[in-house]
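*Asks:* Next one to model:
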Amino acid sequence: MSVRSLLRYLKKKRKKKHRHDGVATTPSFFNYVFTKRRGLDEALPSLEVVAIGSSLADYGFYSPSWTGSFNFGLTSGDLSVALQQYEKVLRQAPHLKVVLLYSGIFMPGFNLACTSERNRLVLYKHFFAISYNEVNEIQSDAERYVMKKIDDFPFEICDSDQGYIYDKSYLTNANTGARAEKHLKENQREPDQIDYFLKLKDLVESDGKKFYLIVPPVRSDFREVLKNMGGEDLFGKFKTIMPLDRILDFYEDKEFIQSDFGDCDHMSRSGAKKLTAKIHAQISI
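*Replies:* Numbering: from 1, shown residues only. Okay, here's the model as predicted:
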């Protein structure tokens, strides 16, 4: 084999490995999604309040403290995922009254299908019928690989209550500056994903439900880094669409202290309890 052929082979092998390996095929992620599905099936008949969105909802909504609620936050979920969570699953809940959409600064432009974590969508499609959006880079062989692993996997239910999974990992070693830069890039990405937000808002409200945008707090050092990078009006696109009384903005809430965060932008359990209590106090059902 020539040097050129060898390099081509190694490059192809690395590329194939990148497609198939990663967060979407870990046992913990498989069990995480399975637990959300099973919990949701139990919750749907009496569900009144639901939190959707990315890991910010998953970490930041403490559903066990709110009777009739469910934490349907899905790690790395974008606005396309959120729309379909409501459209394809939550409309089946006969007593649903309130939908809480958690949004981080990355949400306006974030498209999961274009990231290295895109294969998470294979499980979201399998368990919740969430389709890939039109800008989709999931490769068919990667999808087959994940589905085969699903078929062979011995699923277990995580320790959880009303969709809140107790055993959580945090990005404690993440570079705050790099994370801020990445989130700011997604915030400003064009084309943005706001059409999905508009469709979700209109659909929820046309069904007679209350729709709230939840802006959770971030750790003070993370907020300061973002500000120094020019991240000022990070939620402006949402604020031009939503009535102000339907935006619950805790981004700069100084009542949240260091121990309320597991990392720079994810709530610890104590932080989730505090945030959920603040939300509950502002919403009547």
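*Asks:* only C-alpha atoms for contact and neighbour calcs from this point on.
*Replies:* Will do.
*Asks:* Please look at Val23 and Glu117 and confirm they touch.
*Replies:* Yes: assessed by C-alpha atoms under 8 Å, Val23 is found in contact with Glu117 at 6.8 Å.
*Asks:* mind listing the helices for the stretch 51-200 of the chain?
*Replies:* For the stretch 51-200 of the chain, the helices defined by DSSP state H, counting those that start in this stretch cover 55-60, 79-84, 120-128, 140-152, 176-187, 194-206.
*Asks:* winner for burial among those?
*Replies:* helix 55-60 (a mean of 27; mean count of other C-alpha atoms under 10 Å).
*Asks:* What helices and strands are in contact with that helix?
*Replies:* Judged by 3 or more C-alpha pairs under 8 Å, 6 or more residues apart in numbering; DSSP states H and E, helix 55-60 is in contact with strand 98-102, strand 164-165, helix 269-282.
*Asks:* can I get those in a markdown table with distance to Gly262?
*Replies:* Formatted as a markdown table, the helices and strands packed on helix 55-60 follow (distance: least, C-alpha to C-alpha, whole Å):
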| stretch | distance to Gly262 |
| --- | --- |
| strand 98-102 | 17 |
| strand 164-165 | 14 |
| helix 269-282 | 8 |
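*Asks:* mind checking which of the ones you listed is nearest Ser63?
*Replies:* strand 164-165 (6.2 Å; C-alpha to C-alpha).
*Asks:* List the neighbouring strands of that closest one plus their orientation.
*Replies:* Each strand that pairs with strand 164-165, with its direction, by DSSP bridges: strand 160-161 (antiparallel).
*Asks:* and the strand it pairs with, how far from the chain's centre?
*Replies:* 18 Å (C-alpha atoms, centre = their mean, to the nearest Å).
*Asks:* what's the span of stretch 185-193 from first residue to last?
*Replies:* Stretch 185-193 has an end-to-end distance of 13 Å (C-alpha to C-alpha, to the nearest Å).
*Asks:* I meant stretch 240-251, not that one.
*Replies:* End-to-end distance (C-alpha to C-alpha), stretch 240-251: 17 Å.
*Asks:* neighbouring contacts of it?
*Replies:* Defining contact as C-alpha atoms under 8 Å, 6 or more residues apart in numbering, one finds that stretch 240-251 is touched by 198, 211-218, 239, 279.
*Asks:* Which entries within these meet the buried criterion?
*Replies:* Buried members of the contacts of stretch 240-251, scored by 16 or more other C-alpha atoms under 10 Å, are 211-218, 279.
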